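A.B. asks: build the 3D model from these lines:
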Amino acid sequence: QVQLVESGGGLVQAGGSLRLSCAASRRTSNNYAMGWFRQAPGKEREFVAAISWSGSSTSYTDSVKGRFTISKDNAKNAVYLQMNSLKPEDTAVYYCAARVVRRIAQVVTTEEEYDYWGQGTQVTVSS
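C.D. replies: So this is what the prediction gives:
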C-alpha cells in the first residue's frame, strides 16, 4: 500500500503562483504514473495533469495548458504541480494520484484508472 501526501496549497491572489507537492510514503519496485485532479465546490472531480513514470510524457487539461507544469522526481518519490497565472476558477481541492504501470512512458488521464489517492490540498485563488 502506498500513501500519498499533498502539500503546498493555500490562498493566493489571481495571477499568482503555487507549487503543489505530492510525496509517496515509501519506495516500491513498481513504476508509477502520476496525476493531479481537482474538485471545486459543487462540481465533480476533474483531471488536471498527468505524467509518465519516466517523465517523458505529460498531459494537461485544456484550461491549464501553458499555466501549469507537472514534474516528478523518482529518487524522492515525489510529483509536483507548478501553477502559474492562477485564476479564481482554479479554486478547488487538488488531489494527487498514482497508478502502477508497466510501460514507463504511459500517461494516465482518467480517474477510474488510478490505484492510490492523496487526501487533497486546498487551493483558493482570490480575485
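A.B. asks: ramachandran angles for the residue sitting nearest the centre point of the chain?
C.D. replies: The residue lying closest to the centre of the chain (Cα atoms, centre = their mean) is Trp36, at 2.3 Å. Dihedral angles of Trp36 (phi, psi; degrees, to the nearest 10) stand at phi -120, psi 140.
A.B. asks: let me see the contact set for it.
C.D. replies: 20, 22, 48-50, 70, 79, 81, 94-97 (Cβ atoms under 8 Å, 6 or more residues apart in numbering). All C-beta spots, glycine's among them, are computed from the backbone N, C-alpha and C.
A.B. asks: redo those residues as JSON lines? Include secondary structure.
C.D. replies: Shown next, in JSON lines, are the contacts of Trp36 (DSSP: H, G, I helix; E, B strand; the rest coil):
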{"residue": "Leu20", "secondary structure": "strand"}
{"residue": "Cys22", "secondary structure": "strand"}
{"residue": "Val48", "secondary structure": "strand"}
{"residue": "Ala49", "secondary structure": "strand"}
{"residue": "Ala50", "secondary structure": "strand"}
{"residue": "Ile70", "secondary structure": "strand"}
{"residue": "Val79", "secondary structure": "strand"}
{"residue": "Leu81", "secondary structure": "strand"}
{"residue": "Tyr94", "secondary structure": "strand"}
{"residue": "Tyr95", "secondary structure": "strand"}
{"residue": "Cys96", "secondary structure": "strand"}
{"residue": "Ala97", "secondary structure": "strand"}
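A.B. asks: closest one of the residues you listed to Gly8?
C.D. replies: Leu20 (4.2 Å; Cβ to Cβ).
A.B. asks: quick one: the closest one and Met83 touch, right?
C.D. replies: Yes: assessed by Cβ atoms under 8 Å, Leu20 is found in contact with Met83 at 6.9 Å.
A.B. asks: what comes into contact with the strand or helix carrying Arg99?
C.D. replies: Element membership of Arg99 [criterion: DSSP states H and E] is strand 92-101. Outside strand 92-101, the residues within contact range by Cβ under 8 Å, 6+ apart are 2, 4, 6, 9, 20, 22, 24, 30-41, 43, 45, 48, 52-53, 79, 81, 108, 111, 113-123.
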